[in-house]
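Engineer: requesting a structural model of the entry that follows:
(one chain, ligands or ions: 1)
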Amino acid sequence: MKGRSMGFPTHRLRRLRQNEAIRGLVRESRLAPSNFILPLFVVPGNKIKREIASLPGNYHLSIDCLVEEVIAARDLGISAILLFGVPETRDEQASNAYAPRGIVQEAVRALKSTVPDLLVITDVCPCEYTLNGHCGIIRNGYLDNDASLELISRITLSHAEAGCDMVAPASMLDGQIQAMRHVLDTHGFHRLPIMAYSVKFASKLYDPFFKEGTQSTVAFGDKRTHQMDFSNSDEAMREIALDIDEGADIIMVKPALFYLDVVYRAKQEFKMPLAVYDVSGEYSMIDAAARLGRLDRDAIMMEALTCMKRAGADIIITYFAKRAAELLHGGERSAHVQRELPRQELVAK
Ligand SMILES: [Zn+2]
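Structural biologist: Okay, the predicted model is just below:
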């Protein structure tokens, strides 16, 4: 009726919350294993599966063990991985990043020949391969943008030639998507998509990744001259617009949880395929709190991942991918693990 409030008691929103079957019908955001990208760390050697202390449940894997890990992930329905290399040696020019027989290049070839249906995405950034841990060429203490673009292009081409399915540039250099698109297209790789780390904030949430994941903490300075100030959101939209202009196929916001406002805004403004990177610090916080008995690991994990989707993420890069996929295989009920209070719920009217 016009002019008259149709509020309580006509409307009782709790009617659609009274049990899991009803909640399942009206649920707006759903996770699936096909949303996940599992980050993996490959190291030289044989039969190496070394747990990363700061990322329990994640490992440094030699190629043979990497293949096993990927098959296990694929059997859980995860169809994409993001590959990081931890090389034997590093130098000023990051030459192992683009070496035809570099660790990532060899791993890509091994994966594509044994698990061809798996999507192999490679991280393109020199920082795991430089002596100083920086994301490019340093001149006079400053990251030289255009000189680093040449390096990024070389790495990109070497990954494409090894046979990767997608490249993911992480260094936040100006013009990097354009440079990568150009080198790919002029070498016949026009079908290779680019997932751009369009908005990568200069965040301390990456510490567990660099300290123990890739062991490439910066030797001096920090990354605030290229990664974004975490105070800014308008600037994040400008970064995304430029990446789309330069040819990005998928855009990304990194980290995820502290930045869901940026994720929401990016989805609303650009309507592009959108990835979030649920980074090592986010994983560590939940894992550590669970170890202290303060939080329920599975429940918090599913809540966090679902909220990323609700905010607008289509794709979630997460160290939780395998465990979350396992729970999702148990059906939606097992994924919505806060099911231990049925009696109180049924009483509600
Ligand atoms: Zn980097």
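Engineer: for the protein, which residues are neighbours of the ion?
Structural biologist: Counting by Cβ under 5 Å from the ion, the chain comes close to the ion at 125, 127, 135, 171. Backbone N, C-alpha and C define where each C-beta goes, glycine included.
Engineer: and K112, how many neighbours?
Structural biologist: 16 (other Cβ atoms under 10 Å).
Engineer: in the strand or helix carrying it, which residues are buried?
Structural biologist: With secondary structure defined by DSSP states H and E, K112 is part of helix 103-114. Buried residues in helix 103-114, counted by 16 or more other Cβ atoms under 10 Å: 103-112.
Engineer: where along this protein do the strands fall?
Structural biologist: Assigned by DSSP state E, the chain shows strands spanning 36-42, 49-51, 59-61, 80-85, 119-124, 138-139, 142-143, 166-169, 195-200, 250-254, 274-278, 315-318.
Engineer: in a markdown table, list those along with mean neighbour count and mean pLDDT.
Structural biologist: Shown next, in a markdown table, are the strands of the chain (neighbours: other Cβ atoms under 10 Å; pLDDT from 0 to 100):
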| stretch | mean neighbour count | mean pLDDT |
| --- | --- | --- |
| strand 36-42 | 24 | 98 |
| strand 49-51 | 13 | 96 |
| strand 59-61 | 21 | 96 |
| strand 80-85 | 23 | 97 |
| strand 119-124 | 24 | 98 |
| strand 138-139 | 14 | 91 |
| strand 142-143 | 16 | 92 |
| strand 166-169 | 23 | 98 |
| strand 195-200 | 28 | 98 |
| strand 250-254 | 25 | 98 |
| strand 274-278 | 27 | 98 |
| strand 315-318 | 24 | 98 |
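Engineer: can you put those in JSON lines and add distance to E150?
Structural biologist: JSON lines is the format used below for the strands of the chain (distance: least, Cβ to Cβ, whole Å):
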{"stretch": "strand 36-42", "distance to E150": "25"}
{"stretch": "strand 49-51", "distance to E150": "34"}
{"stretch": "strand 59-61", "distance to E150": "30"}
{"stretch": "strand 80-85", "distance to E150": "20"}
{"stretch": "strand 119-124", "distance to E150": "13"}
{"stretch": "strand 138-139", "distance to E150": "13"}
{"stretch": "strand 142-143", "distance to E150": "13"}
{"stretch": "strand 166-169", "distance to E150": "14"}
{"stretch": "strand 195-200", "distance to E150": "18"}
{"stretch": "strand 250-254", "distance to E150": "23"}
{"stretch": "strand 274-278", "distance to E150": "26"}
{"stretch": "strand 315-318", "distance to E150": "27"}
